[in-house]
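Asker: Quick one: sequence and predicted model below, then my questions.
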Amino acid sequence: MRLTRLSGRCRPAQMDLRFSYTRNGLTCVGTGLAYSLTSVQVQIEGDQELPSSGDIQLRIDWPFRLQNVCPLELVIDGNIETNASQQAVVRIRSYEFKTCGDQSFEPAMARGAACDLTA
């Protein structure tokens, strides 16, 4: 994670994320980076080609801890609005912060199927 200085404060320029979506009844998962997070949308880049539209869930590794102790993740449910292969803009439908344990950000491939269409 890199930090960018904006208005006298350091804010993350990019954050690690995991994503999941359903295609033809199969849950697809992947990893990537979140950029340009606002209250209404987030720009993401995935480790694989993303769908051109549809629902997606993002789990963003939040750079700050709850009371400086407990790791957090930002869980976003949204819709993909625009897509350029491995990059997309996701319109946020709902979000919440969740506490997470040490294993929360283990590699996503260990828990689900990657939908890599190039294989």
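Answerer: Arrived safely.

Asker: hey, let's count contacts and neighbours off CA atoms from now on
Answerer: Will do.

Asker: Mind listing what's buried along the helix or strand harbouring residue 89?
Answerer: Taking DSSP states H and E as the definition, residue 89 sits inside strand 87-99. Neighbour-count burial for strand 87-99 flags 87-92 (criterion: 16 or more other C-alpha atoms under 10 Å).

Asker: which residues of the protein score low on pLDDT?
Answerer: Low-confidence segments of the chain, defined by pLDDT under 70: 1-12, 101-119.

Asker: Run through the strands of it in chain order.
Answerer: For the chain, applying DSSP state E gives strands covering 3-6, 9-12, 15-23, 26-35, 41-46, 54-61, 72-84, 87-99.

Asker: Show me how far stretch 40-51 is from its chain's centre.
Answerer: 7 Å (C-alpha atoms, centre = their mean, to the nearest Å).

Asker: Give me the contacts around it.
Answerer: Stretch 40-51 has contacts (C-alpha atoms under 8 Å, 6 or more residues apart in numbering) with 30-37, 80, 83, 85-93, 115-117.
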